[in-house]
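>>> Mind looking at a prediction? Sequence and model below.
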Amino acid sequence: MAKTVSEDELVGRGAREGRRLFDAWYAELTDAAERGVPAAYVFVMGSLVELLRVFDLPVVFPEINSLQTAVRKVSDGYLSEAEDHGFSPDVCGYVKADYALQLRGGEHPRGRIPPPAIAVLTNACNTYIKWAEIWERLHDIPVATIDVPMTRGSTRYPLVKSSTADDDRDRRYIRGQLEELIELLESVTGRPFDEDRLRDTLRWTNEMGHAYRRVLELNRSRPAVFDAVMEGTIFLGVANAHRGTEAGARYFQELVEEMEHRVERGISALGEATEERYRLAFVGVPCYPIFSDFQRLFSDWGGVFVGSSYLWFASGGLNLEHEYDLEHPLDALADGVLAGVRMATDSMIFQDDALLRSIEEYGLDGVVYHPVKSCRTVSTGLASSRKRILEESDALALYIESDMMDPRVVSVAQLKNRIDAFFEGLDSRKVRLDAVEATVGGAS
Amino acid sequence: MKMPTPPAPSSALEDDFDPLLELNFDAGLEPLMLELREVVQDPDLPTVQRWRDRGGRVLAHFQVYFPEELAHAAGMLPVKVRGSRIERREADSLFGSALCSILRSSLELALTDRLVPDLFVTHPICDAARNLAGIWSRNLEAPAEILFFPQNPNSRHSHTWLTGEYRRILGHIEEVAGRRVDDDALRHSIHLFNENRRLLREVYAIKRETPWLLPVDDAYVLVATAGLLPREEHNALLRRLLPLIRRRERKPKDRMRVVFEGGFCEQPPLDLLAAIAEFVDVVDDDLLIGLRWILEDVDPGSDPVAGLAEAYLERSSYSPVQHDLRKPKEEMLLARIEASRAEAAIVAAAKMCEPGLDEQVAYAQALDRAGIPYFLSEFEEEMQGYDHLQVQLETFVENILFQ
C-alpha cells in the first residue's frame, strides 16, 4: 500500500528528490573515478543508456558536466583553459569546458569524472561528432557513432511511428548499427550481451516516459504547476542520468503525484506571493551562467514558462508518445532511437508547428527565443521560426541572444532591458484587449 | 562563339550541347581566365539564369558534396551553392548573430531571386547548415530537402543505406524534373562526371608539379565553374584551357610550397587567394572539395546508384564535416602535405565555422608534432583588404626561410 504523504512533504518533493538523485549520481561517478573504473561517454540526444546499463558501464554525460560548471559559476576558468590550447571563442562552450575537464583529470565542481572507456553517440548534433573525435585523440578510445537518419523535409513534424518504406529502411540501418555496437561493447567490457537485461531497462524507460509526458501535460493547468525552465531542468537532469533505472521511473511517477496534487489545489509554480500573469514558452537552451537570475527576470513580471522546447529535445525522446516493444527489445531500441532522435532534432529545427499547437493547448501569451552563441544546432533557425510564430499566432515573441556557458557574453542589464520591454508590450496588449472586451460586453 | 565539339573519345559522351558561356578562345588564355573569374564571382549567376531562360530546371545543392550525376541524369543543372560576396539585405534578419557568412549569403541569393532553384538540397554537414532546409522552406517556395550522408561510414550497413537514400532523393529529382531516370541515363552521367573528375585531377597535377603556371586563384576559377555549368560544357572548357595553361609563358619561381586547408565549405574571397599566391605556391588545398570529393572513377556497373554510394564511402577525400574512423583528419592533412611535397600549411577557418575551428586545433597539434610550419588564419567571404594578412604571411615565410 502506498505511503500517505503530507502536503508539506509532497509540495516541492520533485525538486528536492531530483537534487538528491542528481547528487547521488555525481557521487557514483566520483566513486568510479576514484576506483579507476572507466565510463561510457554519451550525449543526451540518443544516449542509448538502456544498452550501456546492460554492460554495467557508468554513464557520463559531458553536456551535463559542462553546464554544471556554468551553474556553479566556474565555467569561465574551464573555457579559458581550452582557449589557451587553441580553441576559438566561437566554438561550443560545452566542448571547451569538457576539454579542460579532461586536461584536469576529471576535476569538476561536483566531484570527479571518470575517463572514458568508450564514447557512444549519435549524429543528433554535429558537434557531438567533433567532440568525440577529441576524446579519440586524448584517450585513444573506441568511438561508436550511431548514424540516425532524421527528418528530410520540413513538412513531417512531428514524426511519430510511421510505416513508410523510408522509415523501415532507416530502422533496419539503425538496428544493424546497434548490433555492431553490441559487438564493440562486448569487446570493451568482456561481458556478453543480455537481452533480458535490456528488456528490463527499456521497461523502466517506458514507465519513466509515460510519467514524464503526464508531467508536461499537467502544466496546461492554470496556474502552471512548475516552471519549465527552472524545475524543468531538474527534471531533465534526472531523466537523463537515471533513464532506464527503477529509481528514475519511480521519481517521475512520484512527480506526477505531486503535480496532480498541485493542479487540484491550484498551487502555482510562482508561489503564493506572485500572481501568474503571463504564460510563456521557452525555446532554446537555458542561460546557465545566470540560471536562477534569468528565471527571475520573467517571474518578477508574473511570467511563467509553461513549456520549453528544451524539455522536448533534451529529454531523449521522452516527450514522444512512444513505448518500447518489450517483446523485441533490440528492434524496439532501434525504433526508439530513430523516433527519439528525430523528435529531438525536429524540436530544434522544425519546432514551429509544435509551438503553434502549444500556443493553443497551453494558452500561451508569449514565446521567448533564447539563441546562444555556443549552440548552432538549436539557435540557427530561431529568428526564422519567430517570424512565423508572429505571422501565424497572437502570441508575442521575444528574441534574446546570450550563451549557455560563457559569462563573458551574458549581459544581465541588456537582457533585463529587452525582457522588461517585452512584458511592457504584453501589458499594453492586455489593456487593449481588456478594453475591447469591455466594449463588446457593454454593447451586448 | 559556339564551342566546337570536343574530340573523341570523350565527345561520344557529350554529344551536342548548346554552351551557356560564349567564350572567345582566339583571345588567348589571360582574357579567358579574366572572363571566367567574373563569371565565378558574379552573384547574378548568369550561366544559371541562361539555363533557366532556356527552360532548364535547376537543382541547387549546398556545400559540401552532392552526387550531381543524379540531377544531371534527370536533365537538371546541378548548381553548387557556395555563398557570394553580396550585400545582405534580407537574409540577415532570418538568422542569429553567431553564424558563418555562407549560410546568410546563400539564402540572400535565393531571397533576391538571383538563385531560383526548382529543388534545394542541403546536408547536415554542421549544426548551422542542418537548419537550412527549415529556414528555406519557411521563406521560399521551392521544395527544400535534406540528403543525409552516413556519419558512420565504418558500419557494414552504411553502403546499403546510402544507396537507398540516393534512390529516395532521385525520386524527388524525378518528380521535379518531370521524367524518369533509367540506369542507362545514369551511367551516361557517371561517365561524363568521371571524365570531369579526371580533368580536375589534371588541374591539380599542374598546380602541384608546375605551380607557377597555375596559381591557386586561377585553379579555383577552373574548379568553381564546374558548379555553374553543365558538365559537358565544363569538360569541353577544361580540354581547351589545360593545354593553354601548360603553354603559359611563366618562369618557375623559387617559392615556398604550401597546402591551404580550410576551404571545404565557406569560400575565401578570390582576392584573398590571389593575395596568398603573391607570396607562396599553393600546391594542394581543400577548396571546393565537394566538387573533387570522389577521387577515382565511379563504377557505373550493374547498379549505378550503388556505384555512386560506394564511391562516396570508399573512394573519397576528407573534410572536417565527415566522420570516418579510417580518415583521421590530421593524418589526412599530413598525407596531403607529403603527397604534394609542401613545406608548410596555411590552416584557415571561416569565421564562426564550428567544424573548421574545431579542426584547426587538431591540425595545429599534429603539425607541431610533425615539425611542419603552419600559418593559422580566419577568413570570411565579405572581408575586404588583405594587406594585413599579406604582411603576416610574408613574415611567416621569411621566418621559415631564415631559420
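Arrived safely.
>>> give me the low-pLDDT residue ranges for the chain?
Assuming you mean chain A. Along chain A, segments meeting pLDDT under 70 span A:1-4, A:154-163, A:443-444.
>>> That was the other one, I meant chain B.
Ranges of chain B meeting pLDDT under 70: B:1-15.
>>> can you give me the strands for it?
For chain B, strands defined by DSSP state E occupy the ranges B:58-62, B:77-81, B:119-122, B:144-146, B:257-261, B:281-285, B:344-350, B:374-379.
>>> Out of those, flag the one nearest chain A.
Ranking the strands of chain B by their distance to chain A (criterion: Cβ to the nearest Cβ) puts strand B:144-146 first, at 4.6 Å. All C-beta atoms are positioned from the backbone trio N, CA, C, and that covers glycine.
>>> Tell me the buried residues in the closest one?
Under the neighbour-count criterion of 16 or more other Cβ atoms under 10 Å in any protein chain shown, strand B:144-146 has B:144, B:145, B:146 buried.
>>> do the same with stretch A:397-411
A:397-407, A:409-410.
>>> Return the distance of stretch A:275-288 from the chain's centre.
Put simply, stretch A:275-288 sits 14 Å off its chain's centre (Cα atoms, centre = their mean, to the nearest Å).
>>> still on that earlier bit, near chain A, which of the buried residues of strand B:144-146 show up?
Among the buried residues of strand B:144-146, proximity to chain A is found for B:144, B:145, B:146 (Cβ under 8 Å from any Cβ of the partner chain).
>>> how near is the first one to residue B:403?
In this case it means residue B:144. 52 Å (Cβ to Cβ, to the nearest Å).
>>> same deal with the last one?
Residue B:146 sits 49 Å away from residue B:403 when distances are taken as Cβ to Cβ.
>>> Please enumerate residues in contact with stretch A:300-307?
Here stretch A:300-307 makes contact (Cβ atoms under 8 Å, 6 or more residues apart in numbering or on different chains) with A:216, A:219-220, A:223-224, A:227-230, A:232, A:268-270, A:274-282, A:295, A:298, A:358, A:362-364, A:366, A:368, A:419-420, A:423.
>>> where exactly do the strands run in the stretch 301-444 of chain A?
A:303-308, A:366-370, A:396-399 (DSSP state E, counting those that start in this stretch).
>>> and among the ones you listed, the most buried is which?
strand A:303-308 (a mean of 27; mean count of other Cβ atoms under 10 Å in any protein chain shown).
>>> Give the partner strands of that one in its sheet and their orientations.
Partners of strand A:303-308 in the sheet, by DSSP bridges, are strand A:278-284 (parallel).
>>> and the next element down the chain from the partner strand?
Going down the chain from strand A:278-284, the next helix or strand is helix A:291-299, by DSSP states H and E.
>>> list the buried ones in that following helix?
A:291, A:294, A:295, A:297, A:298, A:299.
>>> do stretch B:95-114 as well
In stretch B:95-114, counting by 16+ other Cβ under 10 Å, buried: B:95-96, B:98-112, B:114.
>>> any idea how far stretch A:422-432 is from the chain center?
With Cα atoms, centre = their mean, you get 30 Å for stretch A:422-432.
>>> Farthest pair within the buried residues of stretch A:397-411?
Largest separation among those by Cβ to Cβ: A:397 and A:407, giving 25.8 Å.
>>> Quick one: list the elements packing against the biggest helix by length in chain B.
Criterion DSSP state H: the longest helix present in chain B is helix B:183-209. Helix B:183-209 sits against helix B:11-14, helix B:68-73, helix B:216-224, helix B:231-246, strand B:281-285, helix B:304-314, with contacts defined as 3 or more Cβ pairs under 8 Å, 6 or more residues apart in numbering or on different chains; DSSP states H and E.
>>> Kindly compare burial across these and name the winner.
By mean neighbour count, with neighbours taken as mean count of other Cβ under 10 Å, helix B:68-73 ranks first of those at a mean of 27.
>>> Relative to chain B, how far out is the nearest residue to residue A:362 once chain neighbours are set aside?
Using Cβ to Cβ, 6 or more residues apart in numbering or on different chains and skipping the chain neighbours, the partner closest in space to residue A:362 is residue A:306 (4.9 Å). Using Cβ to the nearest Cβ, to the nearest Å, we find residue A:306 at a distance of 24 Å from chain B.
>>> Just give me the residue right at the centre of the chain.
Picking chain A for this. Note on chain A: the residue nearest the mean C-alpha position is residue A:314, at 2.5 Å, using Cα atoms, centre = their mean.
>>> oops, chain B please
So for chain B, Cα atoms, centre = their mean, it's residue B:288, sitting 2.4 Å from the centre.
>>> quick one: contacts for the residue nearest to that residue when sequence neighbours are not counted?
Leaving aside its chain neighbours, residue B:288 sits nearest to residue B:223 (5.1 Å; criterion: Cβ to Cβ, 6+ apart). Neighbouring residues of residue B:223 by Cβ under 8 Å, 6+ apart: B:200, B:203, B:287, B:288, B:291, B:292.
>>> Sketch out the helices for the stretch 101-250 of chain A, chain order is fine.
Counting by DSSP state H, counting those that start in this stretch, the stretch 101-250 of chain A has helices at residues A:126-139, A:165-189, A:195-218, A:230-241, A:246-265.
>>> quick revisit: which one of the strands of chain B lies closest to residue B:68?
Of these, nearest to residue B:68 by Cβ to Cβ is strand B:77-81, at 3.8 Å.
>>> since we're on residue B:328, how many residues are nearby?
16 (other Cβ atoms under 10 Å in any protein chain shown).
>>> what does the stretch 301-444 of chain A put close to chain B?
A:345, A:348-350, A:352, A:371, A:373, A:375-377, A:379-385, A:387-388, A:401.
>>> Contacts only, for the nearest residue to residue B:250 once chain neighbours are set aside.
Setting aside the residues directly before and after it, residue B:250 is nearest to residue B:212 in space (Cβ to Cβ, 6+ apart), at 5.1 Å. When contacts are counted by Cβ under 8 Å, 6+ apart, residue B:212 touches B:250, B:251, B:252, B:253, B:281.
>>> Ok, residue A:218 next?
So residue A:218 contacts A:225, A:256, A:259, A:260, A:262, A:263 (Cβ under 8 Å, 6+ apart).
>>> again, 7 Å this time
Neighbouring residues of residue A:218 by Cβ atoms under 7 Å, 6 or more residues apart in numbering or on different chains: A:225, A:259, A:260, A:263.
>>> For it, give its distance to chain B.
Residue A:218 is 30 Å from chain B, by Cβ to the nearest Cβ.
>>> Quick check: closest non-adjacent residue to that residue.
residue A:259 (4.4 Å).
>>> Hmm, that neighbour is touching residue A:225, no?
Yes. Between residue A:259 and residue A:225 there is a contact at 5.1 Å, judged by Cβ atoms under 7 Å.
>>> And these two? Which one has more around it.
residue A:225 (27 against 24).
>>> Now the residue in the stretch 201-350 of chain B that chain A sits nearest to, what are its backbone angles?
Proximity of the stretch 201-350 of chain B to chain A (Cβ to the nearest Cβ) peaks at residue B:323, 4.7 Å away. Phi and psi for residue B:323, reported as degrees, to the nearest 10, are phi -100, psi 120.
>>> That one against residue A:145, yeah?
Yes. Assessed by Cβ under 7 Å, residue B:323 is found in contact with residue A:145 at 5.9 Å.
>>> what touches both of these two?
Joint contacts of residue B:323 and residue A:145 (Cβ under 7 Å, 6+ apart) are A:129, B:151.
>>> Find the nearest non-adjacent residue to residue A:339, please.
Among residues not flanking residue A:339 along the chain, residue A:322 sits closest, at 5.0 Å (Cβ to Cβ, 6+ apart).
>>> follow-up on the earlier one: and residue A:91, which of the helices of the stretch 101-250 of chain A is closest to it?
helix A:126-139 (8.1 Å).
>>> quick one on the thing from earlier: okay, the strands of chain B in CSV with distance to residue A:7 next?
Shown next, in CSV, are the strands of chain B (distance: least, Cβ to Cβ, whole Å):
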stretch, distance to residue A:7
strand B:58-62, 57
strand B:77-81, 60
strand B:119-122, 53
strand B:144-146, 50
strand B:257-261, 64
strand B:281-285, 69
strand B:344-350, 57
strand B:374-379, 59
